[in-house]
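S.K.: just the structure for this:
(chains A and B)
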Amino acid sequence: MLYRENGQFKTSYVADQQIFPIAQDRIAIGLLLLVAFVVMPLAGSEYLFRAVLIPFLILALAALGLNILVGYCGQISLGTGAFMAVGAYGAYNFLVRIDGMPLIGAMLLGGLSATVVGVLFGVPSLRIKGLYLAVATLAAQFFTDWAFLRVGWFTNNSTSGSVSVAGLNVFGLPIESPVAKYLFCLSVVCVFALAAKNLTRSATGRQWMAIRDMDVAAAVIGIRPVYAKLTAFAVSSFIVGVAGVLWAFVHLGAWEPAAFSIDRSFQLLFMVIIGGLGSIMGAFFGAAFIVILPIILDQVPHWFGIPLSTATTSHLVHMIFGALIVFFLIAEPHGLAKLWSIGKQKLRLWPFPH
Amino acid sequence: MMMNDMPQVAQAQEQASARRIGDVVLDLQNISLSFGGVKALTNISFDVREHEIRSIIGPNGAGKSSMLNVINGVYHPQEGRILFRGEPRQRMEPHMAAAQGIARTFQNIALFKGMSVLDNIMTGRNLKMKCGLLAHALYWGRAQKEEIEHRVKVEEIIDFLEIQDIRKTPVGALPYGLQKRVELGRALAAEPNLLLLDEPMAGMNVEEKQDMCRFILDVNDQFGTTIVLIEHDMGVVMDISDRVVVLDYGKKIGDGVPDEVRSNEDVIRAYLGTSH
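M.R.: Purely as a prediction, here's the structure:
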């Protein structure tokens, strides 16, 4: 009943092209940001930040980057973990080797390193498509695993193969406490989500989607496939690279190449598929589903006082989680974001049939 | 009253002049195209004059669509020369043809199914939009201004094609006839001077065909766009074309104004199907 757009007439193209053209949506997103930026830091526990919110935000950012490539441009990639690793190790090297390099600078330079590697591994996409491209990007995964494990220069010749960063700060503010880390991640995610949304609703995004939907027709109306595909690889791996920096620097603190293994690539691809291909919102839904749902499922037996061993719970969580993925994909192959928009569509008319 | 009538008269004269057939814009000389051992086109020559509606007809498999693909750079003929605006054309890719003002629609609808009608037509203006990646990421400012300028143009096309009510609908959800219309809109969005239409009326009912004919004639009349048309409906072809070229088995068997073609023995034989 409350979700009505009656009387909200658009009188200019600016108004019609807003990200959230419906007033209720704008209010909802405003409230959500208020909760995220103000209420959470005041009310959240350390566990909530460390184990739930920070991983959720960072993986949502990585999924967002991957969604630009897979969902918007239609190029399947299994090298996401690799691009995260390149971002993380790239930023690490810039931070260690250049005196006085600020965190934001290192983060952006790490993202740019990932861009370079991403574009390089995106070159095969000019000739091959679909599953074959997925296999080609898999090469990135094995290549970076090898490079960061075997080439000492990348890890500053650390004997254990593990590297760490400490004493992070942004403009003099220390990023040490869980709240500070959370707020830092949240800000970065908001900035990138907005930039990604802007890209996808402008001419660049339309070029990507045109290549995804019908590449011959796209070329015929003057889109250069080379440019469109490589910009998608560049933007996607930049965002994924920045997510890698956050994951390594802010979430882990100390890491080794295994933190960015092939498992990570698969996990992110699942997030994008379950959340919704070609949707910014979908990246967040997917990350929430994969990061937060297992944690909740894990807690359920405790709430009801069911005496289950930890091992049994963890097996059950895996089984229920798997079943839920199958269920959601059958119920709506276009992901949670599509379910969400169908729900909104229905709500606009409810309780009337027409 | 007299004063009010004056601009209309001037406008009518201007339209009449836009319609006047001009010089040769596209000259195809001895085009041969083959795929391995299969000869799709053999030694075909014809020209297209400015502002005219030039139809290509022929039985299935005659090489009509291949001909369009040669014109806009999807296929590269092994032999022959193409002069576009008097300049011999080098090997070119489809996006380069688009940059020279050649737009087209496809026999099997080739819209971007996941995008709305508005976005599809906006994509047609892609070559006219100059902002870069960073401006798009920032959006507010230059990119938004550009977006709105082009939105105004796109809305004109939406009005012209009478599809205002479906502008936000994903094209995959539209009926066939409307999809064809949207595809025409996307091609028009590029403001082409040469428009290639590959069976724009295939699979339509009579009313949809009439609408589409009206749009094609209006485009030709109002914008002076040169049109190369492939169509199977002979009634339509003979009605709206200025000149017709007939292909059969990759060879040209007829060329001329509709009446000449209609009475051409070879053409009648190809269509009525005697043994080859």
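S.K.: any low-confidence regions in the chain?
M.R.: As the question left the chain open, I've gone with chain A. Within chain A, the stretches with pLDDT under 70 are A:1, A:354.
S.K.: I was after chain B.
M.R.: For chain B, counting by pLDDT under 70, the residues that fall below are B:1-19, B:273-276.
S.K.: what do you get if the cut-off is 80, keeping everything else the same?
M.R.: Low-confidence segments of chain B (pLDDT under 80): B:1-20, B:272-276.
S.K.: and the residue in chain B that chain A sits nearest to, how many neighbours?
M.R.: Of all residues in chain B, B:A98 sits closest to chain A, at 3.2 Å by CB to the nearest CB. C-beta here means a position set from N, CA and C on the backbone, and glycine is covered the same way. Applying other CB atoms under 10 Å in any protein chain shown, we find 26 residues neighbouring B:A98.
S.K.: next one: B:P88
M.R.: When neighbours are counted by other CB under 10 Å, B:P88 registers 10.
S.K.: can you check B:A103 too?
M.R.: For B:A103, the tally of surrounding residues (other CB under 10 Å) stands at 26.
S.K.: after the helix or strand where it lies, which helix or strand is next?
M.R.: Using DSSP states H and E, the element containing B:A103 is strand B:102-105. Per DSSP H and E, the first helix or strand lying C-terminal to strand B:102-105 is helix B:117-124.
S.K.: okay, strands next: where are they in the stretch 1-150 of chain B?
M.R.: B:24-35, B:38-49, B:53-57, B:79-84, B:87-88, B:102-105 (DSSP state E, counting those that start in this stretch).
S.K.: partners of the fifth one, with directions?
M.R.: Put plainly, it is strand B:87-88. Strand B:87-88 pairs in its sheet with strand B:79-84 (antiparallel), by DSSP bridges.
S.K.: any idea how far the residue of the stretch 151-300 of chain A found nearest chain B lies from A:L268?
M.R.: Closest to chain B within the stretch 151-300 of chain A is A:G222: 3.2 Å, counting by CB to the nearest CB. Shown here: A:G222 relative to A:L268, a distance of 33 Å by CB to CB, to the nearest Å.
S.K.: of the two, who's got more company?
M.R.: Higher neighbour count among A:G222 and A:L268: A:L268, with 30 against 24, using other CB under 10 Å.
S.K.: near chain A, which residues of chain B? Just list them.
M.R.: With CB under 8 Å from any CB of the partner chain as the criterion, chain B meets chain A at residues B:72, B:74, B:93-95, B:97-99, B:103-104, B:106, B:110-115, B:119, B:122-124, B:126-127, B:129, B:131, B:133, B:136-139, B:143-144, B:146-148, B:151-152, B:186-187, B:190.
S.K.: are any of these buried, and if so which?
M.R.: Listed as buried from those are B:72, B:74, B:93-95, B:97-98, B:103-104, B:106, B:110-115, B:119, B:122-124, B:126-127, B:129, B:131, B:133, B:136-139, B:143-144, B:146-147, B:151, B:186-187, B:190; burial here means 16 or more other CB atoms under 10 Å in any protein chain shown.
S.K.: next helix or strand past the helix or strand hosting A:I27?
M.R.: Under the criterion of DSSP H and E, A:I27 resides in helix A:23-34. Remark: after helix A:23-34, the chain's next helix or strand is helix A:40-43, criterion DSSP H and E.
S.K.: pull the CA atoms of that following helix into PDB?
M.R.: In PDB, the C-alpha atoms belonging to helix A:40-43 read as follows (Å, rounded to 0.1, in the frame of the first residue of the first chain):
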ATOM      1  CA  MET A  40      26.000   0.000  12.900                       C
ATOM      2  CA  PRO A  41      29.200   1.500  14.200                       C
ATOM      3  CA  LEU A  42      27.300   2.500  17.500                       C
ATOM      4  CA  ALA A  43      25.500  -0.800  18.000                       C
END
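S.K.: what's that helix in contact with?
M.R.: By CB atoms under 8 Å, 6 or more residues apart in numbering or on different chains, the surrounding residues in contact with helix A:40-43 are A:L53, A:V179, A:Y182, A:L183.
S.K.: filter the residues you listed down to just the ones in helices.
M.R.: Using DSSP state H, the subset of the contacts of helix A:40-43 located in helices is A:V179, A:Y182, A:L183.
S.K.: for ChimeraX, what selects the buried ones among those residues?
M.R.: Selecting only the buried members of those in ChimeraX, with burial defined as 16+ other CB under 10 Å, works like this:
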select /A:182,183
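S.K.: redo the ones in helices among the contacts of helix A:40-43 as TSV? Include distance to chain B.
M.R.: Output for the ones in helices among the contacts of helix A:40-43, formatted as TSV (distance: CB to the nearest CB, whole Å):
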residue	distance to chain B
A:V179	29
A:Y182	25
A:L183	23
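S.K.: tell me the one of the ones in helices among the contacts of helix A:40-43 nearest A:Q17?
M.R.: A:L183 (30.6 Å; CB to CB).
S.K.: can you tell if stretch A:202-215 touches chain B?
M.R.: Yes - counting by CB under 8 Å from any CB, chain B has neighbours in stretch A:202-215: A:S202, A:A203, A:T204, A:G205, A:R206, A:Q207, A:M209, A:A210, A:R212, A:D213, A:M214.
S.K.: how about the first one: what's its closest non-neighbour residue?
M.R.: Among residues not flanking A:S202 along the chain, B:H136 sits closest, at 3.9 Å (CB to CB, 6 or more residues apart in numbering or on different chains).
S.K.: quick check: that neighbour touching B:E146?
M.R.: No - assessed by CB atoms under 8 Å, B:H136 is found out of contact with B:E146, at 9.4 Å.
S.K.: what sits against residue 52?
M.R.: Using chain A here. Contacts for A:V52 (CB under 8 Å, 6+ apart) come out as A:V291, A:I292, A:I295.
S.K.: oops, chain B please
M.R.: B:I21, B:T226, B:I227, B:D242, B:R243.
S.K.: Throw those into a markdown table and include distance to A:F143 and secondary structure, thanks.
M.R.: As requested, the contacts of B:E52 are arranged in a markdown table below (distance: CB to CB, whole Å; DSSP: H, G, I helix; E, B strand; the rest coil):
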| residue | distance to A:F143 | secondary structure |
| --- | --- | --- |
| B:I21 | 61 | coil |
| B:T226 | 52 | strand |
| B:I227 | 52 | strand |
| B:D242 | 60 | coil |
| B:R243 | 59 | strand |
